[in-house]
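# Just the structure for this:
(one chain, ligands or ions: 1)
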Amino acid sequence: MSVRRLDPNQPESFEFTPENLEWAKGQIAKYPDGRQASAIIPLLWQAQKQHGGWLPEPAIRYVADMLGMAYIRALEVATFYTMFNLTPVGEHFVQVCGTTPCWLRGADEIKDACKKHIGPEKTLSADGKMSWMEVECLGACVNAPMVQINDDYYEDLDGAKMEEIIKALREGKDVTPGPQSSRKTSEPIGGLTTLTEVPGAGGK
Ligand code: FES
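Predicted coordinates:
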């Protein structure tokens, strides 16, 4: 695992919006007395969402205070799990799967498209709208290669399709998530190869 450090530029403070605060209290209430620290991951996740997709140090301290935890314990969680971004990400945050099935199916082309149209990995694009990073398997190998952009998966990609998606998002256009091929979900690309006939009354 790479070294994960807090961003040198931090906001002065952080606090949940009233809605998120109510939500956080509901999460904490799910755990028995003395076990409130178990809510650390959902609370950090919500703080990250509220803060534009990355987790600043004041948010880590804020969540630690809410849960009665030592700051170092909350920092350990935030720096261990790569789902927490410790530096700013773009409004469109692209996570490119580079694990073997996606790599065999062309993940390098996807990374090249990101480098060309967004910039170096883990840095904000010049317009501040996008960033990208390589991640491990996102569990959609059957539709490889794929990326996750914010909360959505985009699958069956190649370099050209990835370039189109980046361009469209940058222009504020909608892109339909899911397979960027003709297939639905994870059905076979060329059509069904098995179970092509409805069994007759005799069970054939
Ligand atoms: S290897 Fe890319 S989603 Fe599993």
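
# does the ligand sit close to stretch 186-204?
No. With CB under 6 Å from any ligand atom as the measure, stretch 186-204 is seen stopping short of the ligand, the closest distance being 11.3 Å. (C-beta placed from N, C-alpha, C; glycine too.)

# Contacts only, for residue 99.
Taking CB atoms under 8 Å, 6 or more residues apart in numbering, we find residue 99 in contact with 136-137, 141.

# same thing but 6 Å
By CB atoms under 6 Å, 6 or more residues apart in numbering, the residues touching residue 99 are 136-137.

# mind checking pLDDT for it?
Looking at residue 99, its pLDDT stands at 98.

# Could you list the domains of the chain?
The chain breaks down into these domains under the TED database: 18-80, 92-175.

# ok but residue 153 is inside a strand, no?
Yes. Residue 153: assigned to a strand according to DSSP: H, G, I helix; E, B strand; the rest coil.

# Can you measure across stretch 116-133, start residue to end residue?
Chord length of stretch 116-133, first to last residue, is 13 Å (CA to CA, to the nearest Å).

# and residue 135, what does it touch?
Contacts of residue 135 (CB under 6 Å, 6+ apart): residue 95.

# bridging residues for it?
Applying DSSP bridges to residue 135 yields these beta-bridge partners: residue 97.

# thinking again about what came up before, the ligand is nearest to which of the domains of the chain?
domain 92-175 (3.3 Å; CB to the nearest ligand atom).

# Apart from its neighbours in sequence, what residue is nearest residue 138?
residue 97 (5.0 Å; CB to CB, 6 or more residues apart in numbering).
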